[in-house]
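Peer 1: Fold the stuff below for me.
(chains A, B, C and D)
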Number of protein chains: 2
Amino acid sequence: MKAARKSTEEKLLLAARRLFCRAGIHATGISQILEEAGVARRSLYTHYGSKENLLKAVLHTEASMWFHWFDLDLPSLKCSTKDRILALFDLLENWFEKEDFFGCVFINAVAESEKDSAWVKDVAGAYRDQIIERLRVLVIESGARDPEIVTQKLGLIIEGAIITAMVTQNSQAARIARLAAQDVLRCMECSARESEHSVLSATGISRGSFHASSNGGGNLIIGSEA
Amino acid sequence: MKAARKSTEEKLLLAARRLFCRAGIHATGISQILEEAGVARRSLYTHYGSKENLLKAVLHTEASMWFHWFDLDLPSLKCSTKDRILALFDLLENWFEKEDFFGCVFINAVAESEKDSAWVKDVAGAYRDQIIERLRVLVIESGARDPEIVTQKLGLIIEGAIITAMVTQNSQAARIARLAAQDVLRCMECSARESEHSVLSATGISRGSFHASSNGGGNLIIGSEA
DNA sequence: CGAACAGTAGACTGATCAGTCTACTTTCAT
DNA sequence: ATGAAAGTAGACTGATCAGTCTACTGTTCG
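Peer 2: Here you go, the predicted structure:
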């Protein structure tokens, strides 16, 4: 592929994506982005207007990656739907192996944003819904008896893989996730309806008041009313 | 329980924990913590010396919560080891239901910290190892054939549950995670060794060069060399 | 040619933040 | 009672950050 010379917008987007993920969004200054992108200060503001808008653009490109996987990469595979679902974890492994993988921009952005209100949660949530929807289509196509539950299980495993890969800096998380997904798919049509009774409520621990005692300096009980 | 009057340290710790999780660590100012805690500026610095040390203390209390679960809550249950493992997800559900649950401090802290170097990753990683170790003990006790894989699967599901709960603001993530964990435990002694071959390498998509095309303003290909 | 356009370089502003410092008040054990 | 310890109130400092502004450079195309 004859890679065209990167436009100023592309350079900014790539630098921002990389730095936001590697060092955090709040911790990344405009000047760092400019230096990494090799672009003048004014260019950033003519193209994006603000740091917030730049972040929105970065979130958009991250979503595009996922859509590409679901809409182009996976459909091109000549295999069963179940294998297509499992192939998603191979794509994840590719992603984790990149030297500039530092977690998912969506998750990281939500993690460091205001959880009440804040547009970040809504934007990231909307993209997440679109991704889960594509996953749901695959699950339904695979003939799952309870597609909604299976979809949510797989979505949760994907998010777990991303976090594990970020925290441990090890792409092997994708393989573990793949194996867990295999277990879910294998149990997909098991006869026995899963028992949902809580062991907790049936035995001892009271709900709604758990404790955290610190063993080091200064005792603390979390969750007890004053 | 006759709750003792909260000490200044406790008040600071609780306020910091809450605000760090709800609004992010970088975004939370010292003044906000002081206001939430109802404590004077100077007291924070006599007790903790810096914002960084306060964060370390918060991470410590979060770890204490997990240790309490594994070392006191779960062992007190009169049930099989597998049910004890599943009960962990009931504890998670309790946690997620709290009105001041805004994700896991460990994960959030790593998500917004520098991924190269940075003490945060090491501290959080060390606590994570201790938690996983306790999980491993349970898994071994349950008689898993390959305890290491099962432990990592469950750890990954736990992390997925935390992120899903944070992003969706819905404690139901714990139940989904519980069901996924049940699948893993059910498949624990399955005869067939899990096939690990990558669908990707066997079919079409080349590893190490995936693309993300944006469909909105400005096209962008991520991962292509210049 | 020359005007419009896109980008560079870097000084500047106002706001905010972590951390320090001074002066005052409360609590409580001897 | 009193003196020390612990806490409050809030001004202050130096650094940093997002965003603006002015002046300059190169390129393109009519």
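
Peer 1: Now the element after the helix or strand harbouring A:Gly125, going C-ward?
Peer 2: Using DSSP states H and E, the secondary-structure element containing A:Gly125 is helix A:119-141. Later in the chain than helix A:119-141, the nearest helix or strand by DSSP H and E is helix A:147-168.

Peer 1: quick check, distance from the helix or strand following that next one to the centre of its chain.
Peer 2: Next along the chain after helix A:147-168, taking DSSP H and E as the criterion, comes helix A:173-186. Centroid separation for helix A:173-186 versus its chain: 16 Å, with CA atoms, centre = their mean, to the nearest Å.

Peer 1: got the CA coordinates for helix A:173-186 in CSV?
Peer 2: These are the backbone C-alpha positions of helix A:173-186, laid out as CSV (Å, rounded to 0.1, in the frame of the first residue of the first chain):
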residue,chain,number,x,y,z
ALA,A,173,-5.1,-12.2,28.1
ALA,A,174,-6.7,-12.6,24.7
ARG,A,175,-6.0,-16.3,24.7
ILE,A,176,-7.4,-16.7,28.2
ALA,A,177,-10.5,-14.8,27.1
ARG,A,178,-10.8,-17.0,24.0
LEU,A,179,-10.8,-20.1,26.2
ALA,A,180,-13.4,-18.6,28.5
ALA,A,181,-15.5,-17.6,25.5
GLN,A,182,-15.2,-21.2,24.3
ASP,A,183,-16.6,-22.4,27.6
VAL,A,184,-19.5,-20.0,27.3
LEU,A,185,-20.2,-21.2,23.7
ARG,A,186,-20.0,-24.8,24.8
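
Peer 1: can you pull the buried residues of the helix holding A:Gly125?
Peer 2: For helix A:119-141, a neighbour-count test (16 or more other CB atoms under 10 Å in any protein chain shown) marks A:120-121, A:123-124, A:127-128, A:131-132, A:134-136, A:138-139 as buried. (C-beta placed from N, C-alpha, C; glycine too.)

Peer 1: restrict these to contacts with chain B.
Peer 2: Filtering the buried residues of helix A:119-141 for neighbours of chain B using CB under 8 Å from any CB of the partner chain leaves A:Lys121, A:Ala124, A:Arg128.

Peer 1: Now for the second one: which residues touch it?
Peer 2: With contact set as CB atoms under 8 Å, 6 or more residues apart in numbering or on different chains, A:Ala124 has these partners: A:Leu59, A:Phe106, A:Ile107, A:Ala109, A:Val110, B:Val167.

Peer 1: mind redoing it with 10 Å?
Peer 2: Contacts for A:Ala124 were tallied using CB atoms under 10 Å, 6 or more residues apart in numbering or on different chains; they are A:59, A:62-63, A:104-111, A:113, A:118, B:167.

Peer 1: do the last one as well
Peer 2: Applying CB under 10 Å, 6+ apart to A:Arg128 gives the contacts A:Ala63, A:Trp66, A:Cys104, A:Phe106, A:Ile107, A:Val110, A:Gly155, A:Glu159, B:Thr164, B:Val167, B:Thr168.

Peer 1: still on that earlier bit, quick one: the helix holding A:Gly125 to helix A:173-186, angle?
Peer 2: 50 degrees (axes from the mean of the first three to the mean of the last three CA atoms, to 10 degrees).

Peer 1: for helix A:119-141, the distance to its chain's centre please.
Peer 2: 11 Å.

Peer 1: mean confidence for that helix?
Peer 2: Helix A:119-141 comes out with an average pLDDT of 98.

Peer 1: Could you do stretch A:53-63 as well?
Peer 2: Stretch A:53-63 comes out at a mean pLDDT of 98.

Peer 1: Now it: buried residues?
Peer 2: Applying 16+ other CB under 10 Å to stretch A:53-63 flags A:Leu54, A:Leu55, A:Ala57, A:Val58, A:Leu59, A:His60, A:Thr61, A:Glu62, A:Ala63 as buried.

Peer 1: Give the residue spans of chain A that score low on pLDDT.
Peer 2: Scanning chain A for pLDDT under 70 picks out A:1-4, A:191-226.

Peer 1: Which residue does it have closest to chain B?
Peer 2: Closest to chain B within chain A is A:Gly160: 2.8 Å, counting by CB to the nearest CB.

Peer 1: Give me the neighbour count for the residue nearest to that residue when sequence neighbours are not counted.
Peer 2: In this structure, A:Gly160 finds its nearest non-sequential neighbour in B:Gly160, 2.8 Å apart by CB to CB, 6 or more residues apart in numbering or on different chains. By other CB atoms under 10 Å in any protein chain shown, the residues close to B:Gly160 number 28.

Peer 1: For B:Gly160, which residues are in contact?
Peer 2: A:153-164, A:177, A:180, B:173, B:176-177, B:180.

Peer 1: returning to what we had before: now, which of the buried residues of helix A:119-141 sits nearest B:Glu99?
Peer 2: Set against B:Glu99, the nearest of those by CB to CB is A:Lys121 (16.4 Å).

Peer 1: isn't that closest one right up against A:Ser113?
Peer 2: Yes: at 6.3 Å, A:Lys121 and A:Ser113 qualify as touching, with contact defined as CB atoms under 10 Å.

Peer 1: Run through the residues of chain A sitting next to DNA strand C.
Peer 2: With CB under 7 Å from any atom of the strand as the criterion, chain A comes near DNA strand C at residues A:Ser7, A:Thr8, A:Gly38, A:Val39, A:Ala40, A:Arg41, A:Arg42, A:Ser43, A:Thr46, A:His47.
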